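*Asks:* Below are the sequence and a predicted model for it; my questions follow.
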Amino acid sequence: MRHLRLFEYIDAIVREGSVRRAAEKLYVTASALDRRLQDLEEELGTSIFERHARGMRLTAAGEIYVNYIRRHLAESARVQSEVDRLQGMQQGQVAIAVSPALATDFAPELIRKFRKQHPGISFVIKVAQHELAMQYLLSFDVDLAIIIAPPKHPDVFDLAVVKQPLLAAMDVEHPLAKKKPLRLSDCLQYPLVLPSTGLTTREMLDTVLHPPGRDVKVAAETNSYEVMRGLLHGTDEIGFVLSTGNHQTANGNSIVYRPINAREIHPVPIICAQLRNRGLSVAAAQFSHLVIQEMESMYMEEDASD
């Protein structure tokens, strides 16, 4: 497996952007790592990196080679996972990218449920907005992406898609707490706690909050859904979250969630995706099945509420 070690060395140089930083991460000397790189370039008959004062950058040949080694490393991990399956999935790792709106309740609940059955499986969770999450998927950094309204890409395959509405979140004693469904105009009578610019829920809201003449009172903006919920306690402020079916159980009765008229704010898709033509490890495949089941359950719940 010496070639796998070399592949890991090259991948580390790409990710770190320099031989020195990669060497520190790999616990080898920079001179030894640079020597391995030079030997490889001599064997290939071409340079795979351009060397600059600020670091290393892949050449066109390097882009091709790195894509090859990442596929090879991913396939090696899948094969190792098949071996692990013979031991009853007692070990392994699943890497996922998750949209911020799904990172507080939805994804942690799924991971807890999965690890109750398979405590030997560990997780790497990257919280990222949809474009960065897609990059993680395309660069083999994660096995699965569970994200909201991602851009389409020919190399990405959707395992499951479910459209979910936006909910207004408020203190249980709020004047609107017993009214449903709400109109957006109802919410605009109160100060708003908005998601930060760039988040999908903010993009949904911006299309309807800023027509000429509409008065919007903003109490706060945050990229943390935990912070948003904390700000709502004991106030007349209103926040916004995407419906994932876990809010009520995750937060007891202190905060309530009310659907907003779908004619005013259209539901958006939550997508579980993997890289096309990439074999998943046994653990990642099993986890994807759980995600798909949960998303199908969300669809049924939403359909029953209509």
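*Replies:* Right, received. Where do you want to start?
*Asks:* Moving C-terminal from the helix or strand that contains residue 123, which element do we reach first?
*Replies:* Per DSSP states H and E: residue 123 is located in strand 121-127. Where DSSP H and E defines the elements, the next helix or strand beyond strand 121-127 is helix 130-138.
*Asks:* and the angle for that following helix with strand 121-127?
*Replies:* Angle, helix 130-138 to strand 121-127, by axes from the mean of the first three to the mean of the last three Cα atoms, to 10 degrees: 140 degrees.
*Asks:* what about residue 202, how many residues close to it?
*Replies:* Other residues lying near residue 202 total 17 when counted by other Cβ atoms under 10 Å. Just so you know, the C-beta spots here come from the backbone N, C-alpha and C atoms, and that holds for glycine as well.
*Asks:* For my notes, confirm it occurs in a helix.
*Replies:* Yes. Assignment of residue 202 by DSSP: H, G, I helix; E, B strand; the rest coil places it within a helix.
*Asks:* Which residues are in contact with the nearest residue to it once chain neighbours are set aside?
*Replies:* Among residues not flanking residue 202 along the chain, residue 195 sits closest, at 4.2 Å (Cβ to Cβ, 6 or more residues apart in numbering). By Cβ atoms under 8 Å, 6 or more residues apart in numbering, the contact list for residue 195 reads 101, 201, 202, 205, 221, 222, 223, 225, 228, 240.
*Asks:* Not counting residues beside it along the chain, what's closest to the residue most central in space within the chain?
*Replies:* By Cα atoms, centre = their mean, the mean C-alpha position of the chain lies nearest to residue 98, the distance being 1.8 Å. Excluding the flanking residues, the one nearest residue 98 by Cβ to Cβ, 6+ apart is residue 107, at 4.6 Å.
*Asks:* For residue 80, see how far away that neighbour is.
*Replies:* 25 Å (Cβ to Cβ, to the nearest Å).
*Asks:* Repeat that for residue 5.
*Replies:* Residue 5 is 14 Å from residue 80, by Cβ to Cβ.
*Asks:* who has more neighbours, those two?
*Replies:* Taking other Cβ under 10 Å, residue 5 and residue 80 do not tie; residue 80 has more neighbours (14 against 11).
*Asks:* Can you tell me what sits against stretch 160-169?
*Replies:* 176, 182, 187, 201, 204-205, 228-229, 232, 238-244, 247, 255-260, 262, 265, 267-272, 291-292, 295-296, 298-299, 302.
*Asks:* and those, which are buried?
*Replies:* Using 16 or more other Cβ atoms under 10 Å as the burial test, these include 176, 182, 187, 201, 204-205, 228-229, 232, 238-244, 247, 255-260, 265, 267-268, 270-272, 291, 295, 298-299, 302 as buried.
*Asks:* And for residue 226, the neighbour number?
*Replies:* Neighbours of residue 226 under the rule other Cβ under 10 Å: 12.
*Asks:* Point out where this protein drops to low pLDDT.
*Replies:* Across the chain, residues meeting the criterion (pLDDT under 70) sit at 1-3, 81-90, 212-213, 245-253, 298-306.
*Asks:* swap the cut-off to 50 and go again
*Replies:* 1, 86, 248-251, 300-306 (pLDDT under 50).
*Asks:* how many neighbours does residue 218 have?
*Replies:* 11.
*Asks:* so what's it up against?
*Replies:* Per Cβ under 8 Å, 6+ apart, neighbours of residue 218: 191, 192, 194.
*Asks:* Relative to residue 35, which of those is nearest.
*Replies:* residue 194 (53.5 Å; Cβ to Cβ).
*Asks:* Which helix or which strand is home to the closest one?
*Replies:* Residue-wise, residue 194 maps onto strand 192-195 under DSSP H and E.
*Asks:* Can you point out the buried residues in that strand?
*Replies:* So for strand 192-195, counting by 16+ other Cβ under 10 Å, buried means 192, 193, 194, 195.
*Asks:* Give the pairing partners of that strand; include direction for each.
*Replies:* Strand pairing for strand 192-195, determined by DSSP bridges: strand 218-222 (parallel), strand 238-242 (parallel).
*Asks:* closest to residue 159 out of these?
*Replies:* Residue 159 lies closest, by Cβ to Cβ, to one member of the strands paired with strand 192-195: strand 238-242, at 18.9 Å.
*Asks:* what sits up against the closest one?
*Replies:* 101-102, 148, 164-170, 174, 176, 187, 190-195, 200-201, 205, 225, 228-229, 231-232, 247, 257, 268, 270.
*Asks:* if we can go back for a sec, tabulate the strands paired with strand 192-195 (a markdown table), appending distance to residue 10.
*Replies:* Output for the strands paired with strand 192-195, formatted as a markdown table (distance: least, Cβ to Cβ, whole Å):
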| stretch | distance to residue 10 |
| --- | --- |
| strand 218-222 | 40 |
| strand 238-242 | 39 |
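*Asks:* residues in contact with the residue nearest to residue 98?
*Replies:* Residue 107 neighbours (Cβ under 8 Å, 6+ apart): 96, 98, 125, 146.
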